[in-house]
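Undergrad: Fold the following and give me the result.
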Amino acid sequence: GDYEDYDDYDAANENYDATKEVELTSIPKFISTAESMMIDEGDTIKLACIVDKLDNLIIMWKKGNKIIAINDKLFEKDEDDRTKVEKVPNGNRLTIRLAEEDDAGEYLCQVTAAETIELVHDVQIRVNPKIESIPESGLVKVTAGEPVELSCKVTQGYPTPEVLWRRKERPMPTGEDFI
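TA: All right, here's what the predicted structure looks like:
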């Protein structure tokens, strides 16, 4: 008896505004783009994480599973002073000075709203080559007219260095400048 009008319920009478909910849960989009970069050892790595509308959302920087920063604060107090996070409009910028070989890897910027969005920067560090003579002295005794074998060992370098041989003041016996 008391519920006979139930079928006539009209949702249009509700004062519910669905557009407000859509605004609250809108998912930001990245303005900065994912980058792959080769940085010289000793130079500065600069990575941007900028969205169209940050509001009060949180930005998290990670390298692998390690959290580097949350918003503009470094996650670990003892993080070395080479690393800084700088606030910029609608995001931030991660800066690592004096890049080292160990700084190479994937840096992940995460912004969590209704969904988590991620931007991945791939950083490679160009490392100057180091070469050792074999033997270490670099001196080899040779009898005139006899063949000789020269060798060296690359102990460091990224990307892997290419080894070329040349003579000081004249071409190689085969005529090339380098072999």
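Undergrad: Helix or strand: which one has K84?
TA: Using DSSP states H and E, K84 sits within strand 83-88.
Undergrad: end-to-end on stretch 110-121?
TA: Terminal residues of stretch 110-121 lie 12 Å apart, using Cα to Cα, to the nearest Å.
Undergrad: next one: stretch 123-142
TA: Note: stretch 123-142 ends 46 Å apart using Cα to Cα.
Undergrad: starting at the chain centroid, how far to that stretch?
TA: Using Cα atoms, centre = their mean, to the nearest Å, the mean C-alpha position of stretch 123-142 is found 29 Å from that of the whole chain.
Undergrad: can you pull out the helices in the protein?
TA: Along the chain, counting by DSSP state H, helices occupy 18-24.
Undergrad: Tell me where this protein has strands.
TA: 36-40, 45-50, 58-63, 66-70, 73-74, 83-88, 91-96, 105-112, 116-134, 151-158 (DSSP state E).
Undergrad: As CSV, those with mean pLDDT, distance to F178 and mean neighbour count would be great.
TA: Quick note: C-beta positions are derived from backbone N, CA and C, even for glycine. Supplementary listing: the strands of the chain in CSV, determined by pLDDT from 0 to 100; distance: least, Cβ to Cβ, whole Å; neighbours: other Cβ atoms under 10 Å:
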stretch, mean pLDDT, distance to F178, mean neighbour count
strand 36-40, 97, 24, 12
strand 45-50, 98, 34, 20
strand 58-63, 96, 39, 18
strand 66-70, 95, 43, 16
strand 73-74, 92, 47, 14
strand 83-88, 95, 41, 15
strand 91-96, 96, 36, 20
strand 105-112, 96, 34, 19
strand 116-134, 95, 15, 15
strand 151-158, 93, 14, 12
